[in-house]
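Quick check, what structure comes out for this input:
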Amino acid sequence: MYIEIRTYRLKNGAIPAYLAAVAEGIAIQKRHLGTLLGYYSSEIGPINEIVHIWAFASLDEREARRARLNADPEWIAFLPRIRDLIEVAETRIMKPAAFSPVPDLARRRNPFHEGSTDAP
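Coordinates of the predicted model:
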């Protein structure tokens, strides 16, 4: 399993506009990328920062899913709504330690908590 952590530093004051746009476009990403573990905006610490986290079974799966997303005409049309709001983008790929709890990617509804029915 691999975790992709994407961190964006937005233009000053752009978080509300960015989140409003993503709320409308997130379905496109989820359709292609699969397991969204979380989408966050900074409260304390670096300001104007967005972090979103995705899980993939393998790096090959990530590459294939990202290629499908980047080829989707709906995604290509959506990108200009958020691209100009982002000043700096960073992507990190993380691999969990052997003892780390990890989401069950087979359980797409709630990959975190066995027995729970709440979506993450």
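
When you work out contacts or count neighbours from here on, use the C-alpha atoms and nothing else.
Will do.

What segments of this protein are strands?
2-10, 35-41, 49-56, 86-94 (DSSP state E).

C-alpha coordinates for the shortest one, PDB please?
Taking only C-alpha atoms (Å, rounded to 0.1, in the frame of the first residue of the first chain), the coordinates of strand 35-41 have been written out as PDB:
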ATOM      1  CA  THR A  35      -9.800   5.800  -2.000                       C
ATOM      2  CA  LEU A  36      -9.700   9.400  -0.700                       C
ATOM      3  CA  LEU A  37      -8.500   9.300   2.900                       C
ATOM      4  CA  GLY A  38      -9.000  12.900   3.600                       C
ATOM      5  CA  TYR A  39      -9.100  16.500   2.400                       C
ATOM      6  CA  TYR A  40      -8.000  19.200   4.800                       C
ATOM      7  CA  SER A  41      -7.300  23.000   5.000                       C
END
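
What residues of it count as buried?
Burial within strand 35-41, assessed by neighbour count using 16 or more other Cα atoms under 10 Å, is assigned to 35, 36, 37, 41.

re the thing from before, reformat the strands of the chain as a markdown table; add distance to residue 100 and mean pLDDT.
A markdown table is the format used below for those (distance: least, Cα to Cα, whole Å; pLDDT from 0 to 100):
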| stretch | distance to residue 100 | mean pLDDT |
| --- | --- | --- |
| strand 2-10 | 12 | 96 |
| strand 35-41 | 15 | 94 |
| strand 49-56 | 14 | 96 |
| strand 86-94 | 12 | 97 |
